[in-house]
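In: would you be able to build a 3D model of this:
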Amino acid sequence: MFRNPWVLVATLAGIVLCSLFLVTIRSIAVPFLLALILAYFLDPAADYLEARRFSRPLAVCTVFAAFLVAAAAVLAFLIPAVRSEVALMQKALPTYAESLYRAVPSPLADFLGIAGGEDLQGLVDRAIDAGRNLSSDVLKQIAVFLSRAFSSTFGFLLAVLGYFIIPVYLFYLLRDFDRMKAGVADLIPLRHRRQILDLGGEIDGVLSGFIRGQLSVCLVLAVLYSLGLAVIGIDLALVIGIVSGMAFIIPYLGTILGIIAATIMAALKFHDLLHPLLAIGWFLLVQGLEGAVITPFLVGDRVGLHPLATILAVLIGGELFGFLGLLLAVPVAASANVLWRRLLVTYRGSAFFAAPADKGKI
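Out: As a prediction, the model looks like this:
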């Protein structure tokens with residue numbers, strides 16, 4: 001329990017101010033935060049090697065190289081696989097167009113000028129061609145829009161450069177991660193150092209539970225969804241599985257999106273009730289495994305956020321601050337939740353809370 005609750009209030013104010021500062025420099029902060037998340041994810045591996053008598057630079061270089069090789073291997077598998085799925089989807093497009101035409105209400109078909117599956121396919125083909133053949137004027141407009149979104153052309157260039165130097169951020173963060181934490185700890189006043197380091201350790205546990213645990217859950221779900229849909233025979237199984245798994249960073253969003261997409265694809269391809277039910281059943285089965293086995297094993301109760309609080313935090317963060325808000329929402333909410341629990345413990349242990357009621361008064 002904290003003897004001085006103002007330490008908690010000051011810590012919470014510091015988190016809020018840091019978040020607002022990151023929002024102010026969002027074009028630069030997003031690539032840095034992505035690198036920081038990766039560093040947080042990979043730091044235990046570097047610490048493990050360092051404990052095995054590796055020097056810190058050698059441990060970081062080993063982990064960094066292994067990460068780059070793994071990322072390259074995943075991309076080498078995913079890019080051809082997704083390209084193959086899209087090619088097969090294009091070949092089956094006439095069949096899908098005919099099935100979709102049968103499902104389109106007559107008034108809507110008349111409004112769109114569609115008299116058959118061929119017309120619907122032509123409409124889809126024209127939309128695809130329009131997306132592929134963007135004119136230079138449209139590209140210029142997009143560049144202008146993005147430039148304005150980043151406040152200035154120079155800021156836009158800095159933001160683009162930031163994404164290219166994410167590996168540089170990652171390397172130096174991994175190398176100096178422990179030194180940075182020790183440097184921050186040395187700045188804390190001695191009289192409050194033990195309390196704040198104890199609080200920081202609890203927040204660190206929460207953040208590690210989210211970053212390492214929740215991202216691992218998303219990866220596992222992406223693999224399970226993709227495998228199951230591929231066995232059922234649904235086209236774009238890999239794409240649907242990956243998107244659904246990664247979208248699970250917002251609880252249940254990935255499952256809902258996956259069920260909708262997989263059910264539509266199954267219905268259009270197989271024209272029966274069995275395959276859509278199989279797709280729905282697989283998502284529900286994986287969701288059950290997620291709640292009973294996967295999340296308890298990989299995350300446990302370290303995050304401590306109710307799913308509803310997580311959803312609200314992500315939605316509010318995204319609405320207020322865009323993509324940066326999505327990145328910061330859950331970590332900030334989880335850290336604030338730790339501070340809130342500590343404040344409650346301090347309040348319930350205070351003389352104000354524990355003082356007995358006066359006799360004769362309610």
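In: tell me where the longest helix sits in this structure.
Out: helix 307-348 (DSSP state H).
In: ok, residues contacting stretch 48-55?
Out: With CB atoms under 8 Å, 6 or more residues apart in numbering as the test, stretch 48-55 has contacts from 56, 58, 59, 62, 63. Placement of C-beta: from N, CA and C, glycine included.
In: just the buried members of the residues you listed?
Out: With neighbours counted by 16 or more other CB atoms under 10 Å, these contain buried members at 56, 59, 63.
In: what about those, which are in helices?
Out: In this view, those that belong to helices under DSSP H are 56, 59, 63.
In: TSV please, covering those residues and showing pLDDT.
Out: Output for those, formatted as TSV (pLDDT from 0 to 100):
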residue	pLDDT
56	88
59	91
63	92
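In: okay, and residue 284 sits in which element?
Out: Using DSSP states H and E, residue 284 sits within helix 274-289.
In: and that helix, what does it pack onto?
Out: In terms of contacts (3 or more CB pairs under 8 Å, 6 or more residues apart in numbering; DSSP states H and E), helix 274-289 is packed against helix 215-232, helix 253-270.
In: need the least confident one among the ones you listed, by mean pLDDT.
Out: Lowest mean pLDDT within the helices and strands packed on helix 274-289: helix 253-270, at a mean of 88.
In: so that helix versus helix 274-289, what angle?
Out: In terms of direction (axes from the mean of the first three to the mean of the last three CA atoms, to 10 degrees), helix 253-270 departs from helix 274-289 by 160 degrees.
In: that older thread, just the mean pLDDT for the longest helix of the chain, thanks.
Out: Here the average pLDDT along helix 307-348 is 78.
In: from the contact counts, what lies against that helix?
Out: Packed next to helix 307-348, using 3+ CB pairs under 8 Å, 6+ apart, are helix 5-24, helix 26-51, helix 190-208.
In: who touches the following helix or strand past the helix holding residue 284?
Out: For helix 274-289, the following helix or strand on the C-terminal side (DSSP H and E) is helix 295-298. With contacts defined as CB under 8 Å, 6+ apart, helix 295-298 is touched by 213, 216, 217, 220.
In: include distance to residue 201 and neighbour count when you put these into CSV, please.
Out: Putting these into CSV (distance: CB to CB, whole Å; neighbours: other CB atoms under 10 Å) gives the following:
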residue, distance to residue 201, neighbour count
213, 17, 18
216, 21, 16
217, 23, 19
220, 27, 20
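In: which of these lies closest to residue 337?
Out: Closest approach between these and residue 337, by CB to CB: residue 213, at 15.5 Å.
In: setting the sequence-adjacent residues aside, check what's closest to the closest one.
Out: Distances taken as CB to CB, 6 or more residues apart in numbering place residue 299 nearest to residue 213, at 3.4 Å, with adjacent residues excluded.
In: roughly how far apart are that neighbour and residue 221?
Out: Computed as CB to CB, to the nearest Å, the residue 299 to residue 221 distance reads 12 Å.
In: tell me which of the two has more neighbours.
Out: Taking other CB atoms under 10 Å, residue 299 and residue 221 do not tie; residue 221 has more neighbours (27 against 18).
In: distance of that one from residue 266?
Out: For residue 221, the distance to residue 266 equals 19 Å [CB to CB].
In: dump the helices and strands packed on helix 274-289 into CSV; add distance to residue 86 as well.
Out: Formatted as CSV, the helices and strands packed on helix 274-289 follow (distance: least, CB to CB, whole Å):
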stretch, distance to residue 86
helix 215-232, 15
helix 253-270, 13
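In: and of the ones you listed, who's closest to residue 341?
Out: helix 215-232 (23.1 Å).
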